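>>> Make a model of this:
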Amino acid sequence: MNKNLFAAAAAVALLGSAVAANAQTVGHVGANYSRTDLDVAGFDADADVYQLEGAVRFDAGSLGAQVDGAITNYDGDETSFGVTGHLNTKVGSGLVGGFAGVETSDDITFWGLGLDAQANLSPATSLYGQAGYGTSDDLGDADFWAVRGEIRHFVSDNLRLQGSLGYTRIDVSGGDADGWNAGVEAEYQFAETPFSVVAGYDHFDSNDLSSNADTFRIGVRYTFGGTLKDRDQSGASLGSVGRLFGAGLVR
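Residues are numbered from 1 along each chain as shown. The predicted model follows:
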């Protein structure tokens, strides 16, 4: 798949959604840097990861929709592109729906789909969860199953604290393996401005693969359509295919 063509398609999808007729849009665009330290069977490695990403939520008739996209570069070498689309419906003050998306690079194309939901536990706390299936012919026809949850607490409308927990299982012809990941994140939007800073940490561990990884992440964002809490409550903070199956190594 041509990378430039895919990047153009992602950009058109995001911009087209943002200017959809009669649609009230909420979302963000941002840039992230992360450092991953990886240990595989006693061998240490590290990677610097640079990312441009964004998401927009809009009305699609009686349904809510979100499109998110990301361009991610690993160590100034390999670049991947990702797009995920969501459709959902309001259930009380929360939502329930489904998503589908693709992550692609020069060597690997990965497809994923699943279900997600969000609910308010209190006026300041929300719970988001997603579960899905993914596959890639380029990884030996591997099948991936994953589930992930986030709890988000808003100290104020512009200060978000978040914890996450996820599990991934990989089935291939030669066997299977599983792993889990956990993370924390904080985001602060400066008063009277649309700009925010975000920082996070994720840990991944797999006994089957004799591997573990620690990822530290910082970033900046521009939010349109309101505060951080407005973004959350509108359904503009749903997880991507890359986030679900990436084991916390990238956003």
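>>> and Arg169, how many residues sit next to it?
14 (other CB atoms under 10 Å). For glycine as for every other residue, the C-beta is placed from the backbone atoms N, C-alpha and C.
>>> what's the answer for Asn32, then?
Neighbour count of Asn32, defined by other CB under 10 Å: 21.
>>> I'd like to know how far it sits from Trp145.
Taking CB to CB, to the nearest Å as the measure, Asn32 and Trp145 are separated by 26 Å.
>>> who's Gln162 bridged to?
Beta-bridge pairing for Gln162 (DSSP bridges): Arg152, Glu185.
>>> again with the one 4 residues further on
Gly166 has these beta-bridge partners by DSSP bridges: Arg148, Asn181.
>>> Please renumber the chain so that the first residue is 114 from this point on.
Yep, numbering from 114; the last one is Gly279 now.
>>> gap between Asp229 and Gly352?
With CB to CB as the criterion, Asp229 and Gly352 are 7 Å apart.
>>> More neighbours: these two, which one.
Each of Asp229 and Gly352 has its neighbours counted (other CB under 10 Å); Gly352 has more, 25 against 22.
>>> any idea how far Glu166 is from the more buried one?
Counting by CB to CB, the separation of Gly352 from Glu166 is 12 Å.
>>> now swap in Arg265 and tell me
Note on Arg265: its distance to Glu166, by CB to CB, is 18 Å.
>>> This protein: helices as residue ranges?
Under the criterion DSSP state H, the chain carries helices at the ranges 116-131, 341-347, 354-358.
>>> Worst mean pLDDT among those?
For these, mean pLDDT drops lowest on helix 116-131, to a mean of 46.
>>> May I have the beta-bridge partners of Thr192?
Thr192 has these beta-bridge partners by DSSP bridges: Asn186.
>>> residues contacting it?
Residues in contact with Thr192 (CB atoms under 8 Å, 6 or more residues apart in numbering) are 116, 184-186, 218-219.
>>> my read: Ile264 touches Leu240, true?
Yes - if you go by CB atoms under 8 Å, Ile264 and Leu240 touch, sitting 5.4 Å apart.
>>> what residues do the two have in common as contacts?
Listed as contacting both Ile264 and Leu240 by CB under 8 Å, 6+ apart are Leu234.
>>> Note down every partner strand of the longest strand anywhere in the chain and its orientation.
Secondary structure assigned by DSSP state E gives strand 156-173 as the longest strand of the chain. Next to strand 156-173 in the sheet, as set by DSSP bridges, lie strand 139-153 (antiparallel), strand 176-187 (antiparallel).
>>> Now the longest one: buried residues?
Residues of strand 139-153 classed as buried by neighbour count (16 or more other CB atoms under 10 Å): 139-143, 145, 147, 149, 151.
>>> With stretch 243-254 instead?
Of all the residues in stretch 243-254, those buried under the rule 16+ other CB under 10 Å are 243-245, 247, 249, 252.
>>> One more: stretch 168-188?
The neighbour-count check on stretch 168-188 (16+ other CB under 10 Å) flags 168-171, 173, 177-185, 187 as buried.
>>> start to end distance for it?
End-to-end span of stretch 168-188 (CA to CA, to the nearest Å): 24 Å.
>>> tell me which residues form a beta bridge with the residue lying closest to Gln179 once chain neighbours are set aside?
Once flanking residues are discounted, Gln179 sits nearest to His199: 4.2 Å by CB to CB, 6 or more residues apart in numbering. Assessed by DSSP bridges, His199 has beta-bridge partners Gln179, Phe212.
>>> List the buried residues of stretch 329-349.
For stretch 329-349, the neighbour count (16+ other CB under 10 Å) marks 330, 332, 334, 336, 338-342, 344-349 as buried.
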